[in-house]
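A.B. asks: Return a 3D structure for these sequence lines:
(chains A and B)
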Amino acid sequence: MDAREQSQALHEKVQAFAQWALGPQRAATHEQSVAQEHRRFDELANEIKEFQLRHCPALATLHKAQGAPRSSLAVPSDVFRLSRVACHPPEQDSARFHTSGTTAQHTGWHGLRTVETYRALSTGFGRKALLGDQPRATVIALMNSPLENPHSSLIKMCEFFMEAFDGRSLPGEDDAQPFATRKSRWLLSGGALNEAGLRVAVEVARARGEIVLLLATSLSLALLLEQLPNERIALPAGSVVMPTGGSKGRAVQLDPAALRASVAAFFEIEDSQIISEYGMTELSSQLYEATLLHRSASPGVYCAPPWLRATPVDPITLLPVAEGALGLAQFTDLANIDSALCVLTQDLIRSEAGGVRLLGRQPRSPSRGCSLLAEPLLVVASS
Amino acid sequence: MLADPAHPLGQRARTQLPRQTGLSAQGVEQAFTRCLETQPSEAEIARLLAAAHETPRSFVLLSANVFTAAHRAIALGLAASPQVFVRASRREPCFPGLLAEAAPGLFTLVDEINAQAGDTVWAYGSDATMVELRRSFAPGTILKAHGDGFGVVVVRQSDLAHAAQAEWGAFADAVALDAALFDQRGCLSPRLVLAEGDAAFAQRLSQEVFNALTRVQTTIPRGTLSNEEQADISWYRQCVCCVGNWKEHPAGAVALVNDAMDPVPPPGRILQVCALSDVQQALQQMAPLLTCVAHRKNSESSAGSFIANLHRCAPHARHCVVGHMQQPPFDGPADLRPT
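C.D. replies: Numbers count the residues shown, from 1 in each chain, chains lettered A, B, ... in the order given. All right, here's what the predicted structure looks like:
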C-alpha cells in the first residue's frame, strides 16, 4: 500500500472505532468496555504513530533528535507555524485550516488530506455532548460564514453541525444551497450581529417544536450582550448555547463565569445548558463540558471523546504529572491521522472526575524577554 | 564601593546577589567587572545628560533581569530631575537598595509609582507591563517605556572563510561571553546568531558556539534557572527538535535552524544559529525588536560598507563588536529604540 492508501485505511479504522465507542454494541460491563476501549485506542495510536514516523518529516526529525525526551513524540502547537506537519504533500490537502494566532501574529496551518473523519467524529461526539437526547435542533452560529472565513476549522465544524443536526431550510433559504452560503445561519458579518436573523431562527425552532443550538465564540456572545444590554431573547426550553474560545485579543478580559451567567439570563436558559467547547486548529477532535452527558458533571470540566486523550504533562520534563496535579495539556488525537497524533499545548489542565479542568495558560518566565510570541517576529525563508 | 569586593557594601552585594538573581557567584563578579559603568568618560556623561529631558520629578521602575542596569536607569532619572523615586523589582530589590545606601539622599526608594501630570516615568520591563503602565498613569504623565527586545549576532561566511581555527574559536567565545553575562536575561543579550552562508557554514558555526558555551561555563558557570525558564527551554527544545538540530549541555544549548524562527530562544544561554541567505533582509524584518546588533571585528575593506548596511537595517539598535554587547557606552538608555 502507498502512503495514501495507508492513510485511508487508518481513517476507516478510526471512524469504525469512533462508531463503536459511541454506540451501544460495546462489551457487556462498563469495566470491560473501558478496557476494550483503551486497548483499541492504544493499538490504533501505535499504528498511526508508525505511519506518521514514516511519512511526516517533522515527526521523524523529532524522533531522531538527541535532545527530545525519548518518551515524548508530542509536537508543540507552535510547530504548525514553523513547518508543515503532514504525512502527505500540499497538493493532496483537501482543506487547510489556519491557526487563529492565539498569541502570535504569524499563523500556521493544519492541512487535512480528507475532512471526512473530521466530519464524522466531530458530529458524532458533538451530537452527544450538545444535543443529548434531542433528535434535531435548529442550528445557528454567531460567527462569520465560511465564505468570510474559509480557513477556520471551527467554522467548518459548525457547518457540519448545521448539516447533521438540522439539515432543513430557514425562511428564505434554498434547500439546494450549501449551508456554508446560507446567510440566515451565520449571524455575524463584518463585525455586525444579525439580531433579526437570531429572532427569526428562534421562532422557527418554536414552530418546529425543537431546541435551538446556538454556536458562538465568547467574543461574539460578549458583543451580543453589549449591543442588546436591556433585552432578552428567550430560547425554547432545552436549547443549548455552545461558547468557544477565550477573550484573547480583547482589551478587557472576559470573566467566563460572569459571561456564562449573563448569557443564561439573556437567553432564559439554565446555566447547565451552556456547553463550552474546547478545540484548536492543530487537533481534529474537541472536548466539551459534560453537563449534558452527565448531569452530575461540574461546569468547567471538559470531557474528551473516546478517540482523544488529554494528559497533563510536566512543563519541564514533559512527562505525565501525578494524579490531580496541574500540567500542560498534551493531546493524543486519533483523528489527527495525517498530521501529528500527539500535540503539546501551553494550556494548563488538571485531571478531575469526568474529564479535565482548563486552568489558563502556562505562565512564561518574566525574563522570557521579548513577549516574542506576541510580536511580529518573522519567519525568514532561506534559500 | 559596590564594585569593590573589599568594601562592606561590595561584600554584601556579592553575598546577596547570587541568591536574588539566580546568577552564579562568578556571574555576579563578571557583571561587576565587565558591565557596571564605574568610569564613564566625560563625553558619555554629556550624551547621557542630553538624552534626559528636564522634568519636575523622575520615577524609575526597574526590571530584575540585569541587576547592574539599575545604575544607568537611576542616573538617567537624576539627569532629568533632582527628585528621583525608584521602585525596585520585587524579584531583585538588593542592588537598588545597596545603591541607595552607597549614595544616601540621591534618590528615594518607593513601593508605588505615584506619578502626576508632567512627571516622567522611566520604566523597564515586558511589553505587557508597559501596556498596563500606560493605562494606569494620570493623563499628562510622560512614560519612557523600555519593553521587550533582544540582541543578535550577525556573521557572514566570507567573514570567516579564510579564518584559522583560533579565529573561529575567538569569535565563538565572544558570542558565548555575551550570552553568559546575566545568563542571557538582558535585553541586549544575543538570542540569535544570523549566519549568512551555506548549510556547512552554519553547521560549523553552531558547533563552534556550542563548544564556546562549554568553555565559558568553566569561568562563568550558569546560575540557577527558574521553573518558568526551564519550562520555556523545554518548550523551545521540543519545537527545535521538530524542525532543526539541538545540542545541549549543562552550560547551555545551541539550536541550528534554517530560518530565523519564532519562538526565539528563552534565556539561560540558549542560542539559535539561523542559516540565512540574506542577513540584512532578516535584520530589517526583526528591527523593531532589536536592541543590539553585534558583528565580527573585521579588517577587510568590505567590512565598513557591510557594517553601515547593518546600521541602516536596524537603525535603533546599538551596534558593536561581538563580545561587547553587554557593555554599551554610558550615554543614555541601554535600549535606544523609540519609547
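
A.B. asks: Quickly note the distance from the one residue in the stretch 1-150 of chain B that gets nearest to chain A to B:Ser126.
C.D. replies: Residue nearest to chain A within the stretch 1-150 of chain B: B:Asp148 (4.1 Å; CB to the nearest CB). In this view, the C-beta of every residue, glycine as well, is placed from N, C-alpha and C. Separation of B:Asp148 from B:Ser126 (CB to CB, to the nearest Å): 6 Å.

A.B. asks: these two touch, right, B:Cys94 and B:Arg14?
C.D. replies: No - the pair B:Cys94 and B:Arg14 does not pass the contact test of CB atoms under 8 Å, sitting 10.7 Å apart.

A.B. asks: Neighbour count for those two, which is higher?
C.D. replies: When neighbours are counted by other CB atoms under 10 Å in any protein chain shown, B:Cys94 and B:Arg14 differ, and B:Cys94 comes out ahead with 21 against 15.

A.B. asks: can you pull the pLDDT of that one?
C.D. replies: With respect to pLDDT, B:Cys94 scores 92.

A.B. asks: Which strand runs longest in chain A?
C.D. replies: Counting by DSSP state E, the longest strand found in chain A is strand A:342-352.

A.B. asks: Now that strand: average pLDDT?
C.D. replies: Strand A:342-352 comes out at a mean pLDDT of 95.

A.B. asks: neighbouring contacts of it?
C.D. replies: A:49, A:72-77, A:280, A:282-283, A:298, A:301, A:310, A:312-313, A:318, A:323-333, A:336, A:356-362, B:235, B:238 (CB atoms under 8 Å, 6 or more residues apart in numbering or on different chains).

A.B. asks: which ones among the residues you listed are found in strands?
C.D. replies: Within those, residues falling in strands by DSSP E are A:75-76, A:301, A:310, A:312-313, A:326-333, A:356-361.

A.B. asks: Now narrow those residues to whatever sits close to chain B.
C.D. replies: Residues of these in contact with chain B (CB under 8 Å from any CB of the partner chain): A:75-76.

A.B. asks: Give me the buried entries from the ones in strands among the contacts of strand A:342-352.
C.D. replies: The neighbour count (16 or more other CB atoms under 10 Å in any protein chain shown) marks A:75-76, A:301, A:310, A:312-313, A:326-333, A:356-358 as buried among these.

A.B. asks: Can you check the pLDDT for B:Ala303?
C.D. replies: pLDDT, B:Ala303: 73.

A.B. asks: my bad, B:Ser136
C.D. replies: On pLDDT, B:Ser136 comes in at 86.

A.B. asks: What is the helix-or-strand element of chain B with minimal mean pLDDT packed up against?
C.D. replies: Of all the helices and strands that make up chain B, helix B:127-136 has the lowest average by mean pLDDT, DSSP states H and E, namely a mean of 84. Contacts defined by 3 or more CB pairs under 8 Å, 6 or more residues apart in numbering or on different chains; DSSP states H and E place helix B:127-136 against strand B:120-124, strand B:142-146.

A.B. asks: Run the angle between that helix and strand B:142-146 for me.
C.D. replies: In terms of direction (axes from the mean of the first three to the mean of the last three CA atoms, to 10 degrees), helix B:127-136 departs from strand B:142-146 by 170 degrees.

A.B. asks: dump the residue contacts of the closest residue to B:Arg318 other than its chain neighbours.
C.D. replies: With CB to CB, 6 or more residues apart in numbering or on different chains as the criterion, B:Arg318 has its nearest non-adjacent residue at 4.7 Å, and that residue is B:Cys292. Contact analysis of B:Cys292 by CB under 8 Å, 6+ apart lists B:150-152, B:188, B:190, B:317-320, B:325, B:328.

A.B. asks: Tell me the bridge partners for B:Cys292.
C.D. replies: Beta-bridge partners for B:Cys292, by DSSP bridges, are B:Gly151, B:Arg318.

A.B. asks: Repeat that for B:Ala255.
C.D. replies: B:Trp246, B:Gln272.

A.B. asks: what does A:Thr244 give?
C.D. replies: Judged by DSSP bridges, the bridge partners of A:Thr244 are A:Thr217, A:Glu277.

A.B. asks: And the helices in chain A, which stretches?
C.D. replies: Assigned by DSSP state H, the helices in chain A fall at A:3-22, A:30-55, A:57-64, A:79-82, A:116-126, A:153-161, A:195-208, A:218-227, A:256-267.

A.B. asks: would you list the ones you listed in CSV and tack on mean neighbour count and mean pLDDT?
C.D. replies: Listed next are the helices of chain A as CSV, based on neighbours: other CB atoms under 10 Å in any protein chain shown; pLDDT from 0 to 100:
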stretch, mean neighbour count, mean pLDDT
helix A:3-22, 17, 96
helix A:30-55, 15, 92
helix A:57-64, 18, 89
helix A:79-82, 25, 90
helix A:116-126, 21, 97
helix A:153-161, 23, 96
helix A:195-208, 17, 96
helix A:218-227, 18, 92
helix A:256-267, 17, 93
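
A.B. asks: With distance to A:Pro89 as new columns, can those helices be given to me in a markdown table?
C.D. replies: Shown next, in a markdown table, are these (distance: least, CB to CB, whole Å):
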| stretch | distance to A:Pro89 |
| --- | --- |
| helix A:3-22 | 9 |
| helix A:30-55 | 10 |
| helix A:57-64 | 11 |
| helix A:79-82 | 17 |
| helix A:116-126 | 19 |
| helix A:153-161 | 20 |
| helix A:195-208 | 41 |
| helix A:218-227 | 36 |
| helix A:256-267 | 41 |
